[in-house]
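> Next one to model:
(chains A and B, ligands or ions: 2)
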Amino acid sequence: MRRLHPFTLLALAAALPLLAWILPAPRGALAPALAAATLAAAAGPRRVLLPALLTAAPLWFFLFILHGVGGMLVFGVRLTAMIASFVWLVAVLPPARLVEAMVAAGWGAPSAYLFAATLSAVPLLQQRARRIVEAQRCRGLSPRGSPLARLRALRALALPLVLSALHEVDERALALETRGLGAGHRRTPLAPPPDSALQQAARLALLLACGLALAWRLR
Amino acid sequence: MTPPTPPVLRFDGVSFAYGGGSGPPVLRELSFALGAGERVALLGRNGAGKSTVARLITGLLYPGAGTVWVGDWDSRGRRPEELARRVGSVFQHADQQLFARTVREDVAFGPRALGHDAADCDRRTAHALDLLELAALADEHPYDLPPPFRKLAALAGALALEPLVLVLDEPTAGLDRGLQGRVARALDERAARGTTLLVITHDLGFAAETLDRALVLDAGRLARDEPLHQWLVAPGRLAPLGFVPPPLVELSLALALPGTPVRAAAVADALAARCREP
Ligand SMILES: Nc1ncnc2c1ncn2[C@@H]1O[C@H](COP(=O)(O)OP(=O)(O)O)[C@@H](O)[C@H]1O
Ligand SMILES: [Mg+2]
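Ligands and ions are numbered 1, 2, ... in the order given. As a prediction, this is how the structure comes out:
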């Protein structure tokens, strides 16, 4: 998997959730969701699949509260496909490789970098989320209890996390500027990752599959 | 003779390793006891294990061997939100933990979460804000304030718990002199009312003014436990741990002031006395 061209990985991670949203749920969406989960399992059952499932689980819970079993299945399968694809992509695609590939394909370095920074921020955000949870528990916040109490707890965690993520993007953009990666520069990538005709064809096929599925649904 | 008061915080042969005990040992058979109102500096180079000590006290970690006592509570089997009744803590990135719409609401979060009634929450919150001179900013959104003020707000949140022990990880890092002074005055007031202070710091100037006792960690072992004053003026102790003596200590030593004072007021007194000498 890691040998694949970054764009192929990206195309897979984008096509699976797209298909899950386009195809009728829950049955049609099940296949892409299972494919995403399989990819995640192949990349590492404990390191990749488990975190993806743990992230999805509370969403299933909230969906159940809001929409009952039917709604939970319809949206849960789709959200799981999204989360599993994203977590898998973060695990198999080092951001540096993505930047190289994007620059080689003619993107400006700043936009390529910002895009990749979004991916590389994920582990950092997980760590920060853990720190915020810990700090709030030390002020008496209990992550257990009734659904209402949990909802309150979620609020105490969500805002600091989102704000610190925004701050992070700010800081990265600044670091980028100070390293001379501001707009208008074009850098030559040192080692463009390999691509192949087969992979290009596969990416085209994924795109076609999404387009056909959409056309079929809108018919 | 008054009977000795039982310690507020006691480490009894505490050892710890990350990775569920499989990692390299981080703390080794650590033992010490802190009484009510003691003002203690926890010192040591980076990686010595200071933050790990703080996390053991708050119940975010449990010892691999030995026992952490908070009053008569064994930390083991108690969750952090339970220990918060006795331990107030502020960690290094405290400015990132605020979430309420106003500073006041955020400071009130702890007492509310612990179930104190509304009047009591208001009183604790107002007092904590006063101590850190934040009353004028109480109705601001926390994220409209610069990070140093957010850090003070987080400290106010810990003060509002009115705990037996305050565990502070680098409370003055990133604060200017004026704000450091506020922290020092707030800690003075708390300690005078019996709160035990355990302060992790690299700022020896701040420690010299505010704290009395030094616990020095070296690679997870307790290398020293002595009066902070004595540790500060002993030649050759600071440099191996990566510390530089504060300017006042150097001055006091260079002039051989009697009693080698280390606090600004005491140094000033000694200098004034010397000037009056014939
Ligand atoms: N979550 C963790 N997992 C594994 N090792 C850790 C973790 N946190 C700290 N350590 C290690 O434990 C040792 C002590 O760390 P810490 O208590 O943070 O020291 P200090 O606060 O004195 O700088 C260091 O060697 C550090 O690398
Ligand atoms: Mg530390």
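> Just the buried positions in stretch B:149-166, please.
B:149-166 (16 or more other Cβ atoms under 10 Å in any protein chain shown). For every residue, glycine as well, the C-beta is placed using N, CA and C.
> near chain A, anything from it?
Yes. For stretch B:149-166, a contact with chain A is found by Cβ under 8 Å from any Cβ of the partner chain, at B:154, B:157-158, B:161.
> Name the nearest residue to the residue of the stretch 51-200 of chain B found nearest chain A, ignoring sequence neighbours.
Proximity of the stretch 51-200 of chain B to chain A (Cβ to the nearest Cβ) peaks at B:A113, 3.4 Å away. The shortest distance from B:A113 to any non-neighbouring residue, by Cβ to Cβ, 6 or more residues apart in numbering or on different chains, is to A:G140 (3.4 Å).
> Quick one: name the residues of chain B near ligand 1.
Residues of chain B lying close to ligand 1 by Cβ under 6 Å from any ligand atom are B:18, B:23, B:26, B:44, B:46-52.
> Looking at those, which are in strands?
Mapping the residues of chain B next to ligand 1 onto strands (DSSP state E) picks out B:V26.
> In helices, which of the residues of chain B next to ligand 1 fall?
B:50-52 (DSSP state H).
> same for chain A: which of these are within range?
Among these, not one lies near chain A by Cβ under 8 Å from any Cβ.
> Of those, just the buried ones, PyMOL syntax please.
Buried subset of these, written as a PyMOL selection, criterion 16+ other Cβ under 10 Å:
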select buried, chain B and resi 50+51+52
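> can you tell me which of the buried residues of stretch B:149-166 are in strands?
Per DSSP E, strands hold the following members of the buried residues of stretch B:149-166: B:165-166.
> Among the buried residues of stretch B:149-166, which ones are in helices?
B:149-159.
> Just send those back as JSON lines, with distance to A:V77 too.
Converted to JSON lines, these look like this (distance: Cβ to Cβ, whole Å):
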{"residue": "B:F149", "distance to A:V77": "46"}
{"residue": "B:R150", "distance to A:V77": "41"}
{"residue": "B:K151", "distance to A:V77": "44"}
{"residue": "B:L152", "distance to A:V77": "47"}
{"residue": "B:A153", "distance to A:V77": "42"}
{"residue": "B:A154", "distance to A:V77": "41"}
{"residue": "B:L155", "distance to A:V77": "46"}
{"residue": "B:A156", "distance to A:V77": "46"}
{"residue": "B:G157", "distance to A:V77": "41"}
{"residue": "B:A158", "distance to A:V77": "44"}
{"residue": "B:L159", "distance to A:V77": "48"}
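> Out of those residues, which comes closest to A:L198?
Nearest to A:L198 among those, counting by Cβ to Cβ, is B:R150 at 52.9 Å.
> per-residue confidence for the residue nearest to the closest one when sequence neighbours are not counted?
Distance criterion Cβ to Cβ, 6+ apart; nearest residue to B:R150, sequence neighbours excluded, is B:D95 at 3.8 Å. Turning to B:D95, the model gives it a pLDDT of 77.
> Could you count how many residues lie near B:D95?
Neighbour count of B:D95, defined by other Cβ atoms under 10 Å in any protein chain shown: 22.
> Please tell me how far it sits from ligand 1.
Counting by Cβ to the nearest ligand atom, to the nearest Å, the gap from B:D95 to ligand 1 is 18 Å.
> quick revisit: the residues of chain B next to ligand 1, buried ones only, as a ChimeraX selection?
To isolate the buried subset of the residues of chain B next to ligand 1 in ChimeraX, counting by 16+ other Cβ under 10 Å, use the following:
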select /B:26,44,48,49,50,51,52
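> which one among the residues of chain B next to ligand 1 gets closest to chain A?
Using Cβ to the nearest Cβ, the shortest approach to chain A within these belongs to B:S51, at 11.4 Å.
> Which helix or strand contains the residue nearest the centre of chain A?
Centroid check for chain A by Cα atoms, centre = their mean gives A:F86 as the closest residue, at 2.6 Å. Assigned by DSSP states H and E, A:F86 falls within helix A:50-92.
> between the very next helix or strand once past that helix and helix A:50-92, how big is the angle?
Going down the chain from helix A:50-92, the next helix or strand is helix A:95-104, by DSSP H and E. Counting by axes from the mean of the first three to the mean of the last three Cα atoms, to 10 degrees, helix A:95-104 points 40 degrees away from the direction of helix A:50-92.
> What helices and strands are in contact with helix A:95-104?
Packing partners of helix A:95-104 (3 or more Cβ pairs under 8 Å, 6 or more residues apart in numbering or on different chains; DSSP states H and E): helix A:6-22, helix A:109-137.
> just checking, which of those comes out with the lowest mean pLDDT?
helix A:109-137 (a mean of 75).
> Now do the contacts for A:L39.
Neighbour list for A:L39: A:1, A:12, A:16, A:84-85, A:88 [criterion: Cβ atoms under 8 Å, 6 or more residues apart in numbering or on different chains].
> now it: how far from A:A13?
Look at A:L39 and A:A13: by Cβ to Cβ, to the nearest Å, they are 8 Å apart.
> Where does B:A54 fall, secondary structure wise?
If you go by DSSP H and E, B:A54 is part of helix B:50-58.
> Tell me how far that helix lies from the chain's centre.
Mean C-alpha position of helix B:50-58 versus that of the full chain (Cα atoms, centre = their mean, to the nearest Å) differs by 11 Å.
> next structured bit after that helix?
Sequence-wise, the next helix or strand downstream of helix B:50-58 (DSSP H and E) is strand B:65-70.
> Need the contact partners of that following strand.
By Cβ under 8 Å, 6+ apart, strand B:65-70 touches B:7-15, B:29-31, B:56-57, B:62, B:74-76, B:83, B:86-87, B:164-165.
> Just to be sure, which of those are found in helices?
Mapping those onto helices (DSSP H) picks out B:56-57, B:83.
> Which of the residues you listed are buried, as a ChimeraX select command?
Here is the ChimeraX command that picks out the buried ones among those, judged by 16+ other Cβ under 10 Å:
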select /B:56,57,83
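> Among the ones in helices among the contacts of strand B:65-70, which one sits closest to B:I200?
B:I57 (11.0 Å).
> which residues does the residue nearest to the closest one when sequence neighbours are not counted bridge with?
Spatially, and ignoring its direct neighbours in sequence, B:I57 is nearest to B:V167 (5.2 Å; Cβ to Cβ, 6+ apart). Listed beta-bridge partners, B:V167: B:S89, B:L198 (assigned using DSSP bridges).
> burial count for B:V167?
26.
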